[in-house]
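>>> A predicted structure for the sequence below; I have some questions about it.
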Amino acid sequence: MIAPTAIIDPSARIAEDVRIGHYSVIGPNVEIGPGCIIGHHVVLEGPMVLGARNRVFPFAFLGCIPQDLSFRGEDSRVEIGNDNTIREYVTIHRGTEKQNCVTRIGSNNLIMGYVHIAHDCTIGSHCILANAVQMAGHVVMEDFAALGGMVAVHQFVRIGRYCFVGGFTPVTQDVMPFSLIAGERARLRGVNKIGLQRKGFDVHQRSRIHKAFRYLMNPEFTVTSAVQQMRDEFGEDPDVEAIIAFIHNSERGVTL
């Protein structure tokens, strides 16, 4: 199951059924869970935990030290969950002591070719990062979010659940849950209707979310007054409350 040309450090812990292709390098303190398939010419550096049934395609480099001038060799790591697809030339860097020394990836994610995930990022589960997404440090991406090709994400940005960001969009402020963002300068275009429908949101849920976003997009309302209108009309609707909580917790401001 391990190609004879692969180089495996003695301290690496590899489940019995893991497949590793030719010329791949598995460094010290790497743990690879059962059912993983590591393609040829892959580099995994530790400390790293790679969960079960992940597939890593050729020329990916996971666990490299961060591109951060303050990094001084501290004991940081990468933690990756289960059932992820990590395509060609993906780079995922270790964390720094600024944020618990961990870069963390959840489960069931599709990370397409040439994606870069920098130090201290936290990616949820069931996310899609299309080709050549470039993610700076300390980004938080919540579950079921999707980024189109060549999206560039500024450091410390939060990306809300079930949102979609169109290709080539530069993201410098937080992206609200359920939203659709696109443009040469990122703008709120509405609700991620297709994404919500595919994820099983019923017509009533989608309607309430759509009405809530109409207040945010109305030039007659400030964000504060739009939030108050949302509260007045929808009470304790959990999806609308999630939008309101995201806005209140935003440190960079939300994309409008």
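Great, that's in hand.
>>> how about the top helix by length along the chain as PDB, C-alpha atoms only?
Counting residues, the longest helix found in the chain (DSSP state H) is helix 203-217. What follows is helix 203-217 as a C-alpha-only set of coordinates in PDB (Å, rounded to 0.1, in the frame of the first residue of the first chain):
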ATOM      1  CA  VAL A 203     -39.700  27.700   1.100                       C
ATOM      2  CA  HIS A 204     -40.700  29.300   4.300                       C
ATOM      3  CA  GLN A 205     -37.200  29.400   5.700                       C
ATOM      4  CA  ARG A 206     -35.900  30.800   2.400                       C
ATOM      5  CA  SER A 207     -38.700  33.400   2.300                       C
ATOM      6  CA  ARG A 208     -37.800  34.700   5.800                       C
ATOM      7  CA  ILE A 209     -34.100  34.900   5.000                       C
ATOM      8  CA  HIS A 210     -34.900  36.800   1.800                       C
ATOM      9  CA  LYS A 211     -37.100  39.300   3.500                       C
ATOM     10  CA  ALA A 212     -34.400  39.900   6.200                       C
ATOM     11  CA  PHE A 213     -31.800  40.600   3.600                       C
ATOM     12  CA  ARG A 214     -34.100  43.100   1.800                       C
ATOM     13  CA  TYR A 215     -33.900  45.300   4.900                       C
ATOM     14  CA  LEU A 216     -30.100  45.100   4.900                       C
ATOM     15  CA  MET A 217     -30.000  46.000   1.200                       C
END
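>>> which strands and helices sit next to the following helix or strand past it?
For helix 203-217, the following helix or strand on the C-terminal side (DSSP states H and E) is helix 223-234. On a contact count with 3 or more C-beta pairs under 8 Å, 6 or more residues apart in numbering; DSSP states H and E, helix 223-234 meets helix 203-217, helix 238-249. Placement of C-beta: from N, CA and C, glycine included.
>>> so which residues make contact with the last one?
In other words, helix 238-249. If you take C-beta atoms under 8 Å, 6 or more residues apart in numbering as the criterion, helix 238-249 is touched by 158, 160-161, 174, 176-178, 205, 208-209, 212-213, 223, 227, 230-231, 234, 254.
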